[in-house]
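Q: any chance you could fold what I've pasted below:
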Amino acid sequence: MAEEGQVISCHTVESWNQQLQLANASKKLMVVDFTASWCGPCRAIAPLLAEIAKKLPAVIFLKVDVDELQRVAQDWAIEAMPTFIFLKEGNIVDKVVGANKDQLQRKIELHSSELVQKA
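A: All right, here's what the predicted structure looks like:
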């Protein structure tokens, strides 16, 4: 099970599939950071994502290295890093391409507040 308040790194297709199933079953917002170890902007935005994860334990944050899990990146049509995919119950509800801190924070706040309003 995903640990609340942190960014979970998926290192295998099996762990990715497991986290996806858990998120779908929980009906929580899931934010997936498609990243790469060689990507400077990815490394620059990682601390912000970790900080947001601590503040929003009701949101599931995953990190996928596109070189490590190429099949997953291809399945989700990732073409640039970082790409943040927002999922609810397995459906893409939003996307942020690039290390745009303001846009990322706004989208997370928007979609996580929708969860609070519906609860």
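
Q: mind listing the strands in this protein by residue range?
A: For the chain, the strands defined by DSSP state E occupy 7-10, 29-35, 60-65, 83-88, 91-97.

Q: any chance of those in TSV, plus mean pLDDT and mean neighbour count?
A: From N, CA and C alone the C-beta is placed, and that goes for glycine too. As requested, the strands of the chain are exported to TSV (pLDDT from 0 to 100; neighbours: other C-beta atoms under 10 Å):
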stretch	mean pLDDT	mean neighbour count
strand 7-10	95	18
strand 29-35	97	25
strand 60-65	96	23
strand 83-88	96	21
strand 91-97	96	14
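
Q: want to throw those into CSV with distance to L20?
A: Formatted as CSV, the strands of the chain follow (distance: least, C-beta to C-beta, whole Å):
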stretch, distance to L20
strand 7-10, 9
strand 29-35, 8
strand 60-65, 8
strand 83-88, 8
strand 91-97, 12
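
Q: ok, which of those strands comes nearest A77?
A: Evaluated with C-beta to C-beta, these place strand 83-88 nearest to A77, the distance being 9.2 Å.

Q: what packs against the closest one?
A: strand 29-35, strand 91-97, helix 101-118 (3 or more C-beta pairs under 8 Å, 6 or more residues apart in numbering; DSSP states H and E).

Q: starting at the chain centroid, how far to that strand?
A: On the basis of C-alpha atoms, centre = their mean, to the nearest Å, strand 83-88 sits 5 Å off its chain's mean C-alpha point.

Q: and for stretch 44-57?
A: With C-alpha atoms, centre = their mean as the basis, stretch 44-57 stands 11 Å off its chain's centre.

Q: now stretch 55-67
A: Centre-to-centre, stretch 55-67 and its host chain are 4 Å apart (C-alpha atoms, centre = their mean).
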